[in-house]
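A.B. asks: With the sequence up front, the predicted model follows.
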Amino acid sequence: MVARMAWLPGHGTYSVQTTNDPHNPEAGSVAFTEAEPQSMRRTADDQGTVIEDLAGQNHHTSLQHYLDIASLANLATVKRINKEEADVGFSSLWQANGDPTEVAIQVFATRFGRPGHGADGSSGWKQLAEFPFDSSVKKMSVLCESNDASGTSEVHIFTKGAVERVLTSCSDVSVTNGDEVTATPMTDEFKQRILANMEAMARRGLRVLALASKTTTRVVSAEEVRRGLLNRDEFERDLTFRGLIGIYDPPRPESRPSVFKCHQAGIAVHMLTGDHPETARAIAIEVGILPARMELVRADIAQGLVMAAHEFDRLSDDELDRLPELPLVVARCAPSTKVRMIDALHRRGKFVAMTGDGVNDSPSLKRADVGIAMGLGGSDVAKSASDIVLSDDNFASILNAVEEGRRIFDNVQKFMGHVLSANVAFVTTLLVGLAYKDETGTSIFQITPVEILFMLLVAGAFTETGLGFESASKHVLNRPPQNLKYGVFTLEFIADLLAYGIIMAICLLSSFVIVLFGFYDGNFGHDCNLRYSESCEGVFRARSTCYTAMMWIFVFFAWELVDSRLSFFHGAFRNTRAWARRLWKNTFLFWSVVVGFFSIFPTLYIPVLNHRVFLHAPIDKEWGIVFAVTVLFFVGAELWKWAKRVYLRRKGLMVQKGAGTGEEDLEKRTFERFYAPSSDSDVPSEK
């Protein structure tokens, strides 16, 4: 975090230009202008006069009071380290320890020559007590004692916290007129002016805190401090408002691309934060949670996309359920607000994953379908309440988990689809085959039990295991989440079972019928289910043709299932080498297909093994039928995939062919349901 702006009433605004070394108070320049943030341009850089001598600014009394709060109501430390320490792990010659927010404020104070050691290490000051930050009051204070040259001591209360909460504790405001600083009563008019400047800073994506202080004649004894008898309400009142500080909390670099990958994967992202609504809005737009062109959003939706927690909590459950869209951003959240959001999503039939790191996040982590805690910065309570702990605190890791989950789900479907589709084909083929009867009225097997067992054990066991090793499809995150009401038996999966099973059955029946009736006049022979005889030559050859086609179709079917929607030949003609590498990538599956392909030859041509065990015969001219029905299977499977792609694209369940994959295209597809009908033009809708 970096303190980017500081506003002192009546004095002016300090702006810190961007720096790549946030802990170094000597990096970057500081500009000053007498203008207030609400009257400055949106970009804070290069506004005002750059100050060369920051330490020389300390003669301003208002700035002295402001920096006293910044450096003393602060538990963080900032110090210069020697080069030897920097070489063994520090990227700069400055080291900071403490809460990131307090570090940013301490670095800002250190720019003006203040020692960055907090209240305990500052010369001339002695910390008496601390009132720590509490989520219920949203502020923290320290009591410090100062000693002047005459030896008199005074007790000062230094407070910082959320602007709205600090203002309720302020009765005066510090105003600078030339070199004179006066405390004037806090009026409603001035309070609105402070809030306007806060919102101006928040719209820049800054987290804004208020600083206030006062001097008291109250004697604070060590015994009171030791026994914890001090009442913070007694001290945190009738304060003098000293100014605002705006801290930029930059999103992690991977946040924006990860959010857009979520959009691409059909995962909606909601942000629930303790920040001010304007800060939350700016950050949400920056990372892609909100559309960049908010002016195109329909009026009835735009007003509800960003809400403060008090507005959200004021709505009843029925009113929340009637909203056209739940808010994508809720600011100033309390723990109960997050739980209510999860419940509202559940009522809309959504599956919810919740991320959090604090103790206050534990109720919502527990309530969500999947609780995800941060392993590095998360509290032990949050970790124990969650289902997943991210060891690197990286939002992108959630996408990796989603991708891995979808890969496993897909591979289970591929494995089961391979088995069950073949079973549909075998059952259909055998049932139809009951109509083929010899002169004794006995139905003739198109496929013998031994042939089926051999195929399942030799070809099936290995190819199906190989499907379990498949990596994720490159389009696995380009589709909406599955409805897992019935587990892996989705509508698409069941449709695939029936389609592929029927295509296989047609191929197997065709191979048997063409050979038996086309080459051997439909001679069913005598006792051909038990032994070989000359009368069974036609049946045995037809059976061999059906068996060979079945084996080849079965092993090649595994490659067809590698991607349930993309063509098996996708990219084969444009980049054959890359296509071949894709097949070779899963070496176990590759060799399973190859071994299954060639394993039929010994069973066809080894004497005794063919006639007595498998009950089929060697083939020659029948090879043409085998190749023909294998090609027929590929044609049927590819036509099914093509029809499925067309249907899914029309239903919006698959990315349109030729659709852009850039952030602008993704944002348009993600938020187009929010846009007014005229949003295709550059003119904002008046609706």
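C.D. replies: In hand now; what should we look at?

A.B. asks: For Ala401, which non-adjacent residue is spatially closest?
C.D. replies: Leaving aside its chain neighbours, Ala401 sits nearest to Ile388 (6.8 Å; criterion: Cβ to Cβ, 6 or more residues apart in numbering). C-beta coordinates here come from the backbone N, C-alpha and C atoms, glycine included.

A.B. asks: just checking, that neighbour touches Asp369?
C.D. replies: No: using Cβ atoms under 8 Å as the test, Ile388 is too far from Asp369 to be in contact (11.3 Å).

A.B. asks: higher neighbour count, these two?
C.D. replies: A direct count of neighbours by other Cβ atoms under 10 Å for Ile388 and Asp369 places Ile388 higher, at 16 against 13.

A.B. asks: who are the neighbours in contact with the more buried one?
C.D. replies: Neighbour list for Ile388: Val370, Gly371, Ile372, Ala373, Ala401 [criterion: Cβ atoms under 8 Å, 6 or more residues apart in numbering].

A.B. asks: State the distance from it to Thr355.
C.D. replies: Taking Cβ to Cβ, to the nearest Å as the measure, Ile388 falls 9 Å from Thr355.

A.B. asks: overlap in contacts of the two?
C.D. replies: With Cβ under 8 Å, 6+ apart as the test, Ile388 and Thr355 both reach Ile372, Ala373.

A.B. asks: and the contacts of Ile388 as TSV, adding neighbour count and pLDDT?
C.D. replies: Converted to TSV, the contacts of Ile388 look like this (neighbours: other Cβ atoms under 10 Å; pLDDT from 0 to 100):
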residue	neighbour count	pLDDT
Val370	16	94
Gly371	24	95
Ile372	22	94
Ala373	27	93
Ala401	15	90
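
A.B. asks: Now, these that are in strands?
C.D. replies: Among those, the ones falling in strands (DSSP state E) are Val370, Gly371, Ile372, Ala373.

A.B. asks: leaving aside the residues next to it on the chain, what's closest to the first one?
C.D. replies: Okay, so that is Val370. Closest to Val370 by Cβ to Cβ, 6+ apart is Ala353, at 4.1 Å.

A.B. asks: Pro185: what's it in contact with?
C.D. replies: Pro185 makes contact with Ser171, Asp172, Val173 under the criterion Cβ under 8 Å, 6+ apart.

A.B. asks: For the residues you listed, pick the one with the most neighbours.
C.D. replies: Tallying neighbours with other Cβ under 10 Å puts Val173 at the head of those, with 24 neighbours.

A.B. asks: element containing that one?
C.D. replies: strand 170-177 (DSSP states H and E).

A.B. asks: Tell me which strands that strand pairs with, and in which orientation.
C.D. replies: If you go by DSSP bridges, strand 170-177 pairs up with strand 180-185 (antiparallel), strand 239-248 (parallel).

A.B. asks: I'd like the next helix or strand past the first one.
C.D. replies: Taking DSSP H and E as the definition, the helix or strand that follows strand 180-185 towards the C-terminus is helix 188-202.

A.B. asks: Which elements pack onto that next one?
C.D. replies: Here helix 188-202 touches strand 2-8, helix 163-168, strand 206-216, strand 239-248, helix 277-287, going by 3 or more Cβ pairs under 8 Å, 6 or more residues apart in numbering; DSSP states H and E.

A.B. asks: would TSV of those with distance to Phe590 and mean pLDDT be doable?
C.D. replies: As requested, these are exported to TSV (distance: least, Cβ to Cβ, whole Å; pLDDT from 0 to 100):
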stretch	distance to Phe590	mean pLDDT
strand 2-8	53	93
helix 163-168	63	93
strand 206-216	54	93
strand 239-248	52	94
helix 277-287	41	90
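
A.B. asks: can you list those in CSV and add distance to Val30 and mean neighbour count?
C.D. replies: Putting the helices and strands packed on helix 188-202 into CSV (distance: least, Cβ to Cβ, whole Å; neighbours: other Cβ atoms under 10 Å) gives the following:
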stretch, distance to Val30, mean neighbour count
strand 2-8, 9, 25
helix 163-168, 22, 19
strand 206-216, 16, 23
strand 239-248, 13, 25
helix 277-287, 22, 21
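
A.B. asks: Make TSV from those and add distance to Leu491 to it.
C.D. replies: What follows is the helices and strands packed on helix 188-202, written out as TSV (distance: least, Cβ to Cβ, whole Å):
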stretch	distance to Leu491
strand 2-8	51
helix 163-168	51
strand 206-216	46
strand 239-248	48
helix 277-287	34
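
A.B. asks: Go through those and name the closest to Gly460.
C.D. replies: For those, the distance to Gly460 is smallest for helix 277-287, at 47.1 Å, taking Cβ to Cβ.

A.B. asks: Please list the outside residues in contact with the closest one.
C.D. replies: So helix 277-287 is contacted by 199, 202-208, 249, 251, 255-256, 259, 271, 273, 275, 290-292, 294, 306-308, 328-332 (Cβ under 8 Å, 6+ apart).

A.B. asks: Centre of the chain to the strand or helix carrying Leu430, how far?
C.D. replies: Assigned by DSSP H and E, Leu430 belongs to helix 395-433. Mean C-alpha position of helix 395-433 versus that of the full chain (Cα atoms, centre = their mean, to the nearest Å) differs by 25 Å.

A.B. asks: okay if I get the contacts of Ile388 as TSV plus distance to Pro115?
C.D. replies: Below are those laid out as TSV (distance: Cβ to Cβ, whole Å):
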residue	distance to Pro115
Val370	46
Gly371	42
Ile372	40
Ala373	37
Ala401	45
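
A.B. asks: Are we agreed that Met140 is in a helix?
C.D. replies: No: counting by DSSP: H, G, I helix; E, B strand; the rest coil, Met140 is not found in a helix; it is strand.

A.B. asks: Report the separation between it and Gly487.
C.D. replies: Distance of Met140 to Gly487, given as Cβ to Cβ: 50 Å.

A.B. asks: Looking at the two, which is more packed in?
C.D. replies: Taking neighbours as other Cβ under 10 Å, Met140 and Gly487 compare with Met140 leading, 20 against 12.

A.B. asks: Leaving out sequence neighbours, find the closest residue to that one.
C.D. replies: Nearest residue to Met140 in three dimensions, chain neighbours excluded: Phe133, at 4.0 Å (Cβ to Cβ, 6+ apart).

A.B. asks: partners of the helix or strand hosting the one you found, with directions?
C.D. replies: Assigned by DSSP H and E, Phe133 belongs to strand 125-134. Using DSSP bridges, the neighbouring strands of strand 125-134 in the sheet come out as strand 139-147 (antiparallel).

A.B. asks: Out of the strands paired with strand 170-177, which is closest to Leu167?
C.D. replies: Nearest to Leu167 among these is strand 239-248 (7.0 Å), distances taken as Cβ to Cβ.

A.B. asks: and that closest one, how far from the chain's centre?
C.D. replies: That offset, for strand 239-248, works out to 34 Å (Cα atoms, centre = their mean).

A.B. asks: residues of the helix or strand that that strand is followed by that come out buried?
C.D. replies: Sequence-wise, the next helix or strand downstream of strand 239-248 (DSSP H and E) is helix 255-264. For helix 255-264, burial by neighbour count (16 or more other Cβ atoms under 10 Å) applies to Ser255, Arg256, Ser258, Val259, Phe260, Lys261, Cys262, His263, Gln264.

A.B. asks: Can you classify Val629 by secondary structure?
C.D. replies: Per three-state DSSP, Val629 ends up helix.

A.B. asks: Find the nearest non-adjacent residue to it, please.
C.D. replies: In space, Val629 is closest to Cys507, 4.3 Å off (Cβ to Cβ, 6+ apart).

A.B. asks: All the helices of the stretch 451-600 of the chain, residue numbers only.
C.D. replies: Under the criterion DSSP state H, counting those that start in this stretch, helices of the stretch 451-600 of the chain are mapped to 461-468, 491-513, 537-560, 576-585, 587-598, 600-605.

A.B. asks: Pick the most buried one from the ones you listed.
C.D. replies: Scoring the helices of the stretch 451-600 of the chain by mean neighbour count under mean count of other Cβ atoms under 10 Å gives helix 537-560 as the most buried, with a mean of 25.
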